[in-house]
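[1] I'd like to go over a predicted model; first the sequence, then the structure.
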Amino acid sequence: MACSVSRARWRSRSISTIPYELFPEKVAVVGHRPQASGLPGSPQCPMNPHRQAVQDFLRETEEFNRRAESAGLGDLSPYLWYHTVELPPDLVTPGLFDFRASLPFFHFPQDMRGLNVLDVGSATGFFAFELEKRGAKVVCVELPSLEALDRFPGQSVEQTAEKIKGMVALESTGAFGQRIRSYTPGELYHYLLEAPFELCRKLLHSKVERHFSTVYELSPSLFGIPAFDWVFMGDILLHTLNPLGALASAASLCRGVLVLSQDMPEAPDGQPAMHYVGGEDPVEDQVSWWLPNKTCLVQLLKKLGFHDVFEAGHHRGVQRPFGYVYNRTVLHARK
Ligand SMILES: C[S@@+](CC[C@H](N)C(=O)[O-])C[C@H]1O[C@@H](n2cnc3c(N)ncnc32)[C@H](O)[C@@H]1O
């Protein structure tokens, strides 16, 4: 099957040729904290930035697992943390994405008491838990299984799983990567999208409600309320084959502000366009398909009934374990 081909290709692939990552965006190889001098990615750093980023990540993951075990949480080493989340007693999950410092760029209100919020595609749940901390009543949605993730026509869920594994578990990640590469699609779903969220919810004593659905099937009857005051869509459209259908589905449940955060190229000629980013090789993609430019997203949102659409913020960060720099633009769309 193509899966073994896929694995071999992921192994031999040069990082700098990766067009798009798992769950996002343009990549460049740099180290863990690009701004700090002397750290990977800076001229002063003597180490290969990719290697340094991986080493930092693996050290932090090991330390987290050791501390979690001492705190009585058992063996968390099979977990794959999409988000960095601060947990009691004094734990910080080793996330692939740490949005803590970027939160101001999303411009969520500090006080969200009395607001209903929907977080679509919540992964570990960093945003859902953060908005709950601000007082909102939060409902989030996640896929019911890896099967339900959009995949290119003719491809299998096993191929999708191999692509996702390849994005975090190259051979340079040692035993951590080896474990992830051994996961079945069901195990990958569990350790990436199910168990980490549930553990956070428990330790945070959170009341965030989680529903299982694709973005296309969202409806008031799923949630028991007609619409939400705020809807958050972070890095999800890129993984949909039908981004307009996905956006329209979430938009129909928003009666206030829809926050859309993702890589969003500017349109140099001012023309709305949707770039295809899946490439031509059946196994060489990042489960990412369409990247609309900012003009395109603004126009789509206006056409979907949001009268006021504006760029609320922009930020950069570093995706782990490999230390790729990513860019995010945050749009706010008001009805
Ligand atoms: C890249 S992660 C983003 C996580 C989080 N929203 C953020 O901004 O950090 C994409 C999330 O969307 C979910 N997802 C992808 N395609 C989806 C679909 N068609 N329907 C619902 N959820 C989807 C994935 O399972 C994953 O949790």
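    That came through fine.
[2] Show me what from this protein comes close to the ligand.
    Within the chain, the positions adjacent to the ligand are 23, 97, 121-123, 142-143, 149-150, 193, 214-215, 234-236, 239-240 by CB under 6 Å from any ligand atom. Placement of C-beta: from N, CA and C, glycine included.
[3] repeat that with 8 Å
    Contact residues, the chain versus the ligand (CB under 8 Å from any ligand atom): 22-24, 82-83, 97, 99, 119-124, 126-127, 141-143, 148-150, 193, 213-216, 232-236, 238-240, 246, 261-262.
[4] Okay, and which of these map to helices?
    Among these, the ones falling in helices (DSSP state H) are 126-127, 246.
[5] can you tell me which of the residues you listed lies nearest to residue 200?
    residue 126 (8.3 Å; CB to CB).
[6] what sits against that closest one?
    Residues counted as contacts of residue 126 (CB atoms under 8 Å, 6 or more residues apart in numbering) are 83-85, 95, 97, 99.
[7] Quick one: the strands in the stretch 1-150 of the chain, in order.
    86-87, 91-92, 116-120, 137-142 (DSSP state E, counting those that start in this stretch).
[8] Give me the buried subset of the residues of the chain next to the ligand.
    22-24, 82-83, 97, 99, 119-124, 126-127, 141-143, 148-150, 193, 213-215, 232-236, 238-240, 246, 261-262 (16 or more other CB atoms under 10 Å).
[9] Quick check: beta-bridge partners of the residue of the stretch 201-335 of the chain found nearest the ligand?
    In the stretch 201-335 of the chain, the residue that lies nearest the ligand is residue 234 (2.2 Å; CB to the nearest ligand atom). Beta bridges link residue 234 to residue 261 when assigned by DSSP bridges.
[10] so what pLDDT did it get?
    Looking at residue 234, its pLDDT stands at 98.
[11] One more: the one 4 residues further on?
    Confidence at residue 238, expressed as pLDDT, is 97.
[12] what do you get for residue 52?
    Residue 52 is given a pLDDT of 89.
[13] thinking it is in contact with residue 323, fair?
    Yes: with contact defined as CB atoms under 8 Å, residue 52 reaches residue 323; the gap is 7.4 Å.
[14] So between those two, which is more surrounded?
    residue 323 (26 against 19; other CB atoms under 10 Å).
[15] distance of that one from residue 181?
    To residue 181, residue 323 is 20 Å away according to CB to CB, to the nearest Å.
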